[in-house]
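*Asks:* Sequence below, structure please.
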Amino acid sequence: MTAESSSAPVFRYAAVTFDCADPAEMARFYGELLGMSALCSTDDFVLLGKEGATGLGFSRLAGYRPPTWPDPAQEKQAHIELGVDDLDLAEKRLLGLGATRPDFQPGGERWRVLLDPAGHPFCITTLV
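*Replies:* Numbering: from 1, shown residues only. Down below sits the predicted model:
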């Protein structure tokens, strides 16, 4: 066995991709929120990123149906946790960017759940 064949490939966490109806709108929302730019963009896919950071991708899915969380009719599959210094200021900024706030808030004063423009739940927390 040679050194080449016995060495394992190196993996790194590069991005997570969310299905949605409008990749450009999702990229605008998260790009403004996280200070990321489009690294790759087509009508059906946008990958956001910046030097030394993990990226976010958004892929158009025909017939996309947003999660109905907390109603289990169309479960969420994943969500992002964002650390913030001030929950009230962060929520105000996110709502201004196009997020919405569902009535159900299981985190009390510790975190808040918001929905991105495609309906994916995400959390803002001061615990991170």
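*Asks:* Over to L56: give its phi and psi.
*Replies:* phi -130, psi 130 (degrees, to the nearest 10).
*Asks:* residues contacting the residue lying closest to it once chain neighbours are set aside?
*Replies:* Leaving out its chain neighbours, the residue that sits closest to L56 by Cβ to Cβ, 6 or more residues apart in numbering is L48, at 4.8 Å. Where C-beta positions appear, they are placed from N, C-alpha and C, glycine not excepted. Residues counted as contacts of L48 (Cβ atoms under 8 Å, 6 or more residues apart in numbering) are 27, 30-31, 34, 36-39, 55-58.
*Asks:* give me the beta-bridge partners of L48?
*Replies:* Beta-bridge partners of L48, counted by DSSP bridges, are A38, L56.
*Asks:* Now do the same for it: its pLDDT.
*Replies:* Looking at L48, its pLDDT stands at 95.
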